[in-house]
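**Q** Following is a predicted model, sequence given first.
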Amino acid sequence: MEKKSILIIDDDPLTCTVIKNHLRNSMYTSTCLRKGTTASELLFRTPDDFSLIFLDRVLPDIDSSALLKSLKTHPTLRAIPVIMITANAEKSEKINAFQNGIYDLLMKPLDKKLLLLVIKRALEDSRNLVLC
């Protein structure tokens, strides 16, 4: 089975390390980018390279909501599940993120079992959408 590639967009190196460690010995590979602008450029240049995206709610160089909206307008990128990660979010921010198209939202610190279950479910759901 081909390994699925996950893009992690988070300016915190610790979060990237935690996710990468959680994915170790799994069927997933990961790339971590600390700048939203760099991630956006990569995604729009190579939209077929990733199966799932982790997006930090707060990035220093770009508004995460704007990045999410731009992904959802692209014919290929719109099908990639986006899981938002955050250390803190108000109810209204969570609602806004779901309205803008996130698949799920995970709170930091990230639990390994929950993380892997959400990834598995998101990839299965996105695969089922493609088959329809």
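**A** Arrived safely. Residues are numbered from 1 along each chain as shown.

**Q** can you list the residues that contact the longest helix anywhere in the chain?
**A** Counting by DSSP state H, the longest helix found in the chain is helix 112-131. Where contact means CB atoms under 8 Å, 6 or more residues apart in numbering, the residues beyond helix 112-131 that reach it are 4, 6, 19, 22-23, 26, 28, 51-52, 79-81, 83, 103-104, 106. Quick note: C-beta positions are derived from backbone N, CA and C, even for glycine.

**Q** OK, contacts around residue 15?
**A** Residue 15 is in contact with 8, 56, 85, 108, 110, counting by CB under 8 Å, 6+ apart.

**Q** Could you check how far it is from residue 87?
**A** Counting by CB to CB, to the nearest Å, the separation of residue 15 from residue 87 is 9 Å.

**Q** what do those two both touch?
**A** residue 108.

**Q** Could you identify the most distant pair in the contacts of helix 112-131?
**A** Within the contacts of helix 112-131, two members stand farthest from each other by CB to CB: 22 and 79, at 23.9 Å.

**Q** Who has more neighbours out of the two?
**A** The neighbour comparison of residue 22 against residue 79 (other CB atoms under 10 Å) goes to residue 22, with 19 against 15.
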